[in-house]
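Colleague: This is a predicted model, with the sequence first.
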Amino acid sequence: MMLRILKKIIPEKLFKKAQPFYHHALARAGAIVYGFPSKQIKVLGITGTKGKSSTVEFASSILEAAGYKTALMGTIRFKVGDLSRPNLYKMSMPGRFFMQKFLREAVDAHCDWAVIELTSEGMVQYRHAYIELDAAIFLNITPEHIESHGSFENYLSAKIKMKTVLEESPKKDKVMIVNADDKHAQDFLSTHLETVIPFTLKDAGYWDATEHGIAFTFGGERISSPLHGAFMIKNALAASFFAQHIGISAEVIKKGIEKVREIKGRVQMITLPESHKKKGKQNFEVVVDYAHTVESLEALYGAFPNRNKICVLGNTGGGRDSWKRPVMAKVAERYCDDIILTNEDPYDEDPMSIVMTMKDVIKKTSVEIILDRRNAIREALIRAKVSKKQTIVLISGKGTDPYIMEANGKKTTWSDAQVAQEELAKVLG
């Protein structure tokens with residue numbers, strides 16, 4: 001609120017120069033108010049364009065299986081001990097005071113570890129400041145938030161800040177876990193930290209990713225999960241190497257990973273409510289996934305190679321990353337048998353203009369525009385019901401996002417998973 005007021009009364013150039021000082025001052029004030037809580041708890045920070053939320057869940061579950069009490073902060077939810085609540089902020093790192101307050105709550109609840117997502121936007125705005133890390137995980141970097149950061153180089157620089165934060169942390173026995181398969185891995189491997197652990201998908205031994213789930217080997221243990229996609233194996237590996245470093249056995253790591261049966265909004269399977277299962281039979285699959293980058297959308301579609309795919313998508317964030325729209329549309333054209341383009345988060349941009357940019361490049365696949373997102377989901381389910389093939393409905397872009405963001409600050413409460421389940425009950429009931 002204060003920042004918006006200052007933006008109106010301060011010249012633009014001066015405002016931009018003053019922003020970092022403003023953000024840093026707020027971060028310091030928050031740390032002082034809550035007593036620098038990160039000094040009193042171990043903190044694992046996780047960054048990457050994709051996979052942060054899943055890796056946070058895996059790491060927390062493994063730590064709990066090992067007997068540690070954890071706090072968790074991510075895009076999907078906030079958890080302190082046994083108390084969990086959904087993240088309704090549409091931000092993985094909600095704010096400097098929020099971050100410090102969350103860590104104070106974790107300390108007061110006697111948590112051993114806080115596992116947190118670190119985002120590029122949050123790093124630029126110093127939401128990470130005065131948070132002392134014990135460990136960090138780097139997953140991957142692909143083009144994202146380009147308009148917001150000004151360039152891909154600026155986005156990359158913001159991500160690399162996590163390495164600096166870990167390097168400058170006064171904590172002892174610090175460790176950096178790095179996905180060496182990523183082309184930007186060297187930016188994180190080049191460090192004066194004493195312990196850096198690179199990993200690749202080859203470290204999963206004999207691994208498998210099918211339409212029924214994933215399986216891989218770690219420390220001699222065969223680990224299996226109903227979660228989908230080779231990308232999910234990499235996320236699990238990242239958490240596993242971190243856990244192994246702090247002394248957790250492969251047997252306990254297996255227990256922790258296999259306990260994560262579902263990650264909301266991340267290749268989340270939607271089925272009929274229990275109250276409707278006797279009334280209707282579901283002869284097709286429905287998946288809700290966040291997939292808001294080109295790479296994540298391709299990974300989602302590629303995880304179900306032998307299905308007739310009915311795809312519902314829009315393009316996350318009006319006014320930003322407009323370059324993605326035609327590229328993601330071509331990905332959908334390549335993988336999907338039927339495409340329904342719909343509204344996502346247009347903000348102040350015309351939603352029809354957004355989806356038309358996508359429709360115009362789709363030439364070979366059946367495509368229809370249904371701007372009302374509920375109607376689009378319902379239509380996809382109706383088509384799947386009458387399909388004679390083995391069919392899956394893939395609803396992408398929102399995941400657990402709690403609102404559809406529209407013009408003039410309007411936001412409509414939303415849940416892809418809830419709406420899909422409601423419409424599934426109607427279509428099959």
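Modeller: Happy to help now that I have it. The structure presented is a predicted model; accordingly, all values stated were derived computationally and were not measured.

Colleague: residues contacting Trp411?
Modeller: Wrong residue type there; residue 411 is Lys, not Trp. Applying CB atoms under 8 Å, 6 or more residues apart in numbering to Lys411 gives the contacts Tyr403, Ile404, Met405. Heads up, the C-betas are built off the backbone N, CA and C, glycines and all.

Colleague: cool, and Pro273?
Modeller: Taking CB under 8 Å, 6+ apart, we find Pro273 in contact with Gln421, Ala425.

Colleague: Can you pull up the most central residue in this structure?
Modeller: Ser53 (4.4 Å; CA atoms, centre = their mean).

Colleague: Endpoint to endpoint, stretch 368-379 covers what distance?
Modeller: Chord length of stretch 368-379, first to last residue, is 10 Å (CA to CA, to the nearest Å).

Colleague: Would you mind confirming that Phe58 makes contact with Lys255?
Modeller: No: if you go by CB atoms under 8 Å, Phe58 and Lys255 don't touch, sitting 11.8 Å apart.

Colleague: In terms of neighbours, single out the busier of these two.
Modeller: Phe58 (30 against 18; other CB atoms under 10 Å).

Colleague: So for the more buried one, what's the pLDDT?
Modeller: Looking at Phe58, its pLDDT reads 98.

Colleague: Skipping adjacent residues, who's closest to it in space?
Modeller: Ala239 (3.7 Å; CB to CB, 6 or more residues apart in numbering).

Colleague: Look up how far Thr195 lies from the one you found.
Modeller: 16 Å (CB to CB, to the nearest Å).

Colleague: quick one: which of the two has more around it?
Modeller: Ala239 (28 against 12).

Colleague: Just the element for the residue nearest to Phe58, please.
Modeller: Assigned by DSSP states H and E, Ala239 belongs to helix 230-245.

Colleague: now that helix: mean pLDDT?
Modeller: 97.

Colleague: And the next helix or strand past that helix?
Modeller: Using DSSP H and E, the first helix or strand after helix 230-245 is helix 250-259.

Colleague: and the residue nearest to the centre of the chain, what helix or strand is that in?
Modeller: helix 52-65.

Colleague: what angle sits between that helix and helix 250-259?
Modeller: If you take axes from the mean of the first three to the mean of the last three CA atoms, to 10 degrees, helix 52-65 sits at 130 degrees to helix 250-259.

Colleague: Which elements pack onto the helix or strand following helix 52-65?
Modeller: Following helix 52-65 in sequence order, the next helix or strand is strand 70-73 (DSSP H and E). Helices and strands touching strand 70-73, as assessed by 3 or more CB pairs under 8 Å, 6 or more residues apart in numbering; DSSP states H and E, comprise helix 52-65, strand 77-80, helix 96-108, strand 113-117.

Colleague: hmm, try it at 7 Å
Modeller: Counting contacts by 3 or more CB pairs under 7 Å, 6 or more residues apart in numbering; DSSP states H and E, strand 70-73 is packed against helix 52-65, strand 77-80, strand 113-117.

Colleague: Dump the ones you listed to CSV, plus distance to Gln282.
Modeller: Formatted as CSV, these follow (distance: least, CB to CB, whole Å):
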stretch, distance to Gln282
helix 52-65, 25
strand 77-80, 27
strand 113-117, 33
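
Colleague: and of those, who's closest to Ala230?
Modeller: Nearest of those to Ala230, taken as CB to CB: helix 52-65 at 12.5 Å.

Colleague: Lys426 - how many residues pack around it?
Modeller: 12.

Colleague: Let me know the secondary structure of it.
Modeller: With DSSP: H, G, I helix; E, B strand; the rest coil as the basis, Lys426 sits in helix.

Colleague: element containing the residue nearest to it when sequence neighbours are not counted, please.
Modeller: Using CB to CB, 6+ apart and skipping residues adjacent in sequence, the residue nearest Lys426 is Arg378, 7.3 Å away. Using DSSP H and E, the element containing Arg378 is helix 373-386.

Colleague: What mean pLDDT does that helix get?
Modeller: pLDDT averaged over helix 373-386 gives 98.

Colleague: and it, which residues are buried?
Modeller: Arg373, Arg374, Ala376, Ile377, Arg378, Glu379, Ala380, Leu381, Arg383, Ala384, Lys385 (16 or more other CB atoms under 10 Å).

Colleague: Could you double-check that the fifth one sits in contact with Glu423?
Modeller: Yes: here Arg378 reaches Glu423: they are 4.5 Å apart, a contact under CB atoms under 7 Å.

Colleague: Is it correct that the residue nearest to Phe58 is in contact with Thr55?
Modeller: Yes: in this structure, Ala239 is within contact of Thr55 by CB under 7 Å, at 5.5 Å.

Colleague: Where do the domain boundaries of this protein fall?
Modeller: The record's domain parsing of the chain by automatic domain parsing lists 27-259, 268-428.

Colleague: Redo these as a markdown table? Include distance to Pro20.
Modeller: Output for these, formatted as a markdown table (distance: least, CB to CB, whole Å):
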| stretch | distance to Pro20 |
| --- | --- |
| domain 27-259 | 7 |
| domain 268-428 | 21 |
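
Colleague: mind listing the strands in the stretch 151-300 of the chain by residue range?
Modeller: 175-179, 196-199, 208-210, 213-218, 221-225, 268-269, 285-289 (DSSP state E, counting those that start in this stretch).

Colleague: per-residue confidence averaged over the third one?
Modeller: Regarding strand 208-210, the rounded mean pLDDT is 93.

Colleague: Buried residues in it, which are they?
Modeller: Buried positions in strand 208-210, judged by neighbour count with 16+ other CB under 10 Å: Ala209.

Colleague: what about the protein, any weak spots by pLDDT?
Modeller: Residue ranges of the chain with pLDDT under 70: 1-19, 143-150, 279.

Colleague: Find me whatever residue is spatially closest to Met405, sequence neighbours aside.
Modeller: Nearest non-adjacent residue to Met405, counting by CB to CB, 6+ apart: Asp345, 4.3 Å away.

Colleague: typed the wrong thing, it's Lys52
Modeller: Leaving aside its chain neighbours, Lys52 sits nearest to Glu117 (4.4 Å; criterion: CB to CB, 6+ apart).

Colleague: wouldn't the one you found be in contact with Ser92 here?
Modeller: Yes: Glu117 is within contact range of Ser92, at 4.2 Å (criterion: CB under 7 Å).

Colleague: what sits in contact with each of these two?
Modeller: Residues within reach of Glu117 and of Ser92 at once, by CB atoms under 7 Å, 6 or more residues apart in numbering, are Lys52, Gly74, Thr75.

Colleague: separation between the last one and Glu285?
Modeller: For Thr75, the distance to Glu285 (CB to CB) stands at 24 Å.

Colleague: Next: the second one.
Modeller: Taking CB to CB as the measure, Gly74 falls 26 Å from Glu285.

Colleague: Many thanks, I have nothing further to ask.
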